[in-house]
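> I would like the atomic coordinates for the input below:
(2 chains)
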There are 2 protein chains.
Amino acid sequence: MKLYTYWRSSAVWRVRIALNLKNLSCENAPVHLVRGEQRSEGFRGINPNAVVPALQLDDGRVLTQSLAIIEYLEERYPLPALLPSDPTRRAQVRAAALLIACDIHPLNNLRVTEYLKGRLGHSQDEAVSWMQHWMRAGLEAYQRTIEDAGAGAGRFSFGDAPTLADLCLIPQLYNARRWGLDLAGLERLVAIDAAAAALPAFQAAAAAAQPDAEPV
Amino acid sequence: MKLYTYWRSSAVWRVRIALNLKNLSCENAPVHLVRGEQRSEGFRGINPNAVVPALQLDDGRVLTQSLAIIEYLEERYPLPALLPSDPTRRAQVRAAALLIACDIHPLNNLRVTEYLKGRLGHSQDEAVSWMQHWMRAGLEAYQRTIEDAGAGAGRFSFGDAPTLADLCLIPQLYNARRWGLDLAGLERLVAIDAAAAALPAFQAAAAAAQPDAEPV
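Modelled structure (predicted):
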């Protein structure tokens, strides 16, 4: 398999954690988002939507969208499971993942801040306020969601093992810190982040650990 | 089951189509988004994220996020199937659905245009240009994605029966028309929309057919 990746993309980061937890190896094909390589016609032949990740299977077919890729990996390589077996609990884990993937991340990614600063003429400060607004609202809702779901006091969002929800949460917390979000009141999420940071699968998936990482 | 709904919410609309296709009945609990009812503490007790849909099960537990709800319905009530059985094809259908649910819809919903017009002081015309920008880019990518996936010339996005992808596409096309998007070049999507409009499950799920629909 070949993973089209960018070190700081939180969507690819989710897939990297899944691959590592399932002990799957993968060739890396970096796509430099800040230089706009995702918009080349060459890459649009891989993913017409011009975003990463894309996962090329050994038969040449290409899968896109991080959550679809992870569901595929879960079906093909079920262990360790990233979704619980109870249908209601599965839905709650998927909902927590989607809260981040739909309601936080799309509002904060590069193409959106490019539009805000370029076409709408906003300052970097205004773009950062925008990002912080959606991150704060979404992360507060995430924390309350896992509390309301009665997910208990496990080390991760739903119990003592990472699930699909944590795969989305950890890169989002990296972004939150990167953009200076105040995490006061989000102590449960900060504790989950610390638990993840102790696991090799999460360590190896982190932005700074990627071969295409740049000095910050 | 009780569905927290708003007639024009495209996220709830996806769930309504799934319920209808699977011939499931459900009590409706309208939440008036334009009046801000989703932000009441009462509704935050149902969904801390203050968005619809939310589906309350008969045991009182609440599921949120349209795609998590539909996956739950698919697992509990498998027929008619909204996902194909082949793992790669399933991933392609999920990816097409996520392209709309992550890369188009979150950028265009009410709370985002409220931020653009309120906090950032943009005009209605600028907000509409913003919406059209993301819809056009996303729908072009969607059309190319289903073509690249070799999904054939079926009446729907992946063959002759509706899948999860179509459940996302149809409400998005309603939004596109509502906001005056030029659909030139998107003829395959317009044809899918016409095929869906012929099915009672889609007709009954449409915004205008809801009990809480308002005159437009």
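> can you show me the helices along chain A?
For chain A, the helices defined by DSSP state H cover A:10-21, A:41-46, A:66-76, A:87-103, A:105-108, A:110-117, A:124-148, A:164-178, A:187-197, A:200-205.
> helices and strands around the last one, which ones?
Based on contacts counted as 3 or more CB pairs under 8 Å, 6 or more residues apart in numbering or on different chains; DSSP states H and E, the elements that helix A:200-205 packs against are helix A:10-21. Every residue, glycine included, has its C-beta placed from N, CA and C.
> and the angle for the helix it packs on with helix B:87-103?
Following axes from the mean of the first three to the mean of the last three CA atoms, to 10 degrees, one obtains 150 degrees for the angle between helix A:10-21 and helix B:87-103.
> contacts for helix A:10-21?
Contacting residues not belonging to helix A:10-21 are listed as A:3-6, A:25-26, A:51-53, A:55, A:66-67, A:69-70, A:73-74, A:80, A:82, A:101, A:105, A:162, A:167-168, A:170-172, A:174-175, A:200-202, A:204-207 [CB atoms under 8 Å, 6 or more residues apart in numbering or on different chains].
> okay, the helices of chain A in TSV with mean neighbour count next?
As requested, the helices of chain A are exported to TSV (neighbours: other CB atoms under 10 Å in any protein chain shown):
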stretch	mean neighbour count
helix A:10-21	25
helix A:41-46	14
helix A:66-76	22
helix A:87-103	25
helix A:105-108	23
helix A:110-117	17
helix A:124-148	18
helix A:164-178	23
helix A:187-197	16
helix A:200-205	17
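> can I get these in JSON lines with mean pLDDT?
Below are the helices of chain A laid out as JSON lines (pLDDT from 0 to 100):
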{"stretch": "helix A:10-21", "mean pLDDT": "98"}
{"stretch": "helix A:41-46", "mean pLDDT": "93"}
{"stretch": "helix A:66-76", "mean pLDDT": "98"}
{"stretch": "helix A:87-103", "mean pLDDT": "97"}
{"stretch": "helix A:105-108", "mean pLDDT": "96"}
{"stretch": "helix A:110-117", "mean pLDDT": "94"}
{"stretch": "helix A:124-148", "mean pLDDT": "96"}
{"stretch": "helix A:164-178", "mean pLDDT": "98"}
{"stretch": "helix A:187-197", "mean pLDDT": "97"}
{"stretch": "helix A:200-205", "mean pLDDT": "98"}
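> nearest to B:Ala127, out of these?
Closest approach to B:Ala127 among those (CB to CB): helix A:110-117, 12.3 Å.
> touching chain B at all, stretch A:172-182?
No: using CB under 8 Å from any CB of the partner chain, stretch A:172-182 never reaches chain B; the gap is at least 13.3 Å.
> and for that stretch, what's in contact with it?
If you take CB under 8 Å, 6+ apart as the criterion, stretch A:172-182 is touched by A:10, A:13, A:100, A:104-105, A:108, A:128, A:131-132, A:135-136, A:138-139, A:183, A:189-190, A:193, A:206-207.
> sorry, back to before: so for B:Leu33, which of the helices of chain A sits nearest?
Short answer: helix A:87-103, nearest of the helices of chain A by CB to CB, at 14.4 Å.
> helices or strands up against the closest one?
So helix A:87-103, by 3+ CB pairs under 8 Å, 6+ apart, packs with helix A:66-76, helix A:124-148, helix A:164-178, strand B:62-64, helix B:66-76, helix B:87-103, helix B:105-108.
> quick one: that helix to helix A:164-178, angle?
Using the same axes, to 10 degrees: helix A:87-103 against helix A:164-178 is 30 degrees.
> sorry, back to before: rebuild the helices and strands packed on helix A:87-103 as TSV, extending it with distance to A:Val112.
Formatted as TSV, the helices and strands packed on helix A:87-103 follow (distance: least, CB to CB, whole Å):
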stretch	distance to A:Val112
helix A:66-76	17
helix A:124-148	8
helix A:164-178	13
strand B:62-64	23
helix B:66-76	21
helix B:87-103	10
helix B:105-108	7
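> who wins for proximity to A:Phe156 among those?
Of all the helices and strands packed on helix A:87-103, helix A:164-178 comes closest under CB to CB, at 4.9 Å.
> chain center to that closest one, what's the gap?
6 Å (CA atoms, centre = their mean, to the nearest Å).
> can you dump the C-alpha atoms of it in CSV for me?
Written as CSV, here are the backbone C-alpha positions of helix A:164-178 (Å, rounded to 0.1, in the frame of the first residue of the first chain):
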residue,chain,number,x,y,z
LEU,A,164,-11.5,5.7,16.1
ALA,A,165,-12.6,8.7,18.3
ASP,A,166,-9.1,9.0,19.8
LEU,A,167,-7.5,8.7,16.3
CYS,A,168,-9.3,11.9,15.5
LEU,A,169,-8.9,13.6,18.8
ILE,A,170,-5.1,13.4,19.1
PRO,A,171,-4.2,15.3,15.9
GLN,A,172,-6.9,17.9,16.7
LEU,A,173,-5.3,18.5,20.1
TYR,A,174,-1.9,19.1,18.3
ASN,A,175,-3.6,21.7,16.2
ALA,A,176,-5.3,23.3,19.2
ARG,A,177,-1.9,23.7,20.9
ARG,A,178,-0.3,24.9,17.6
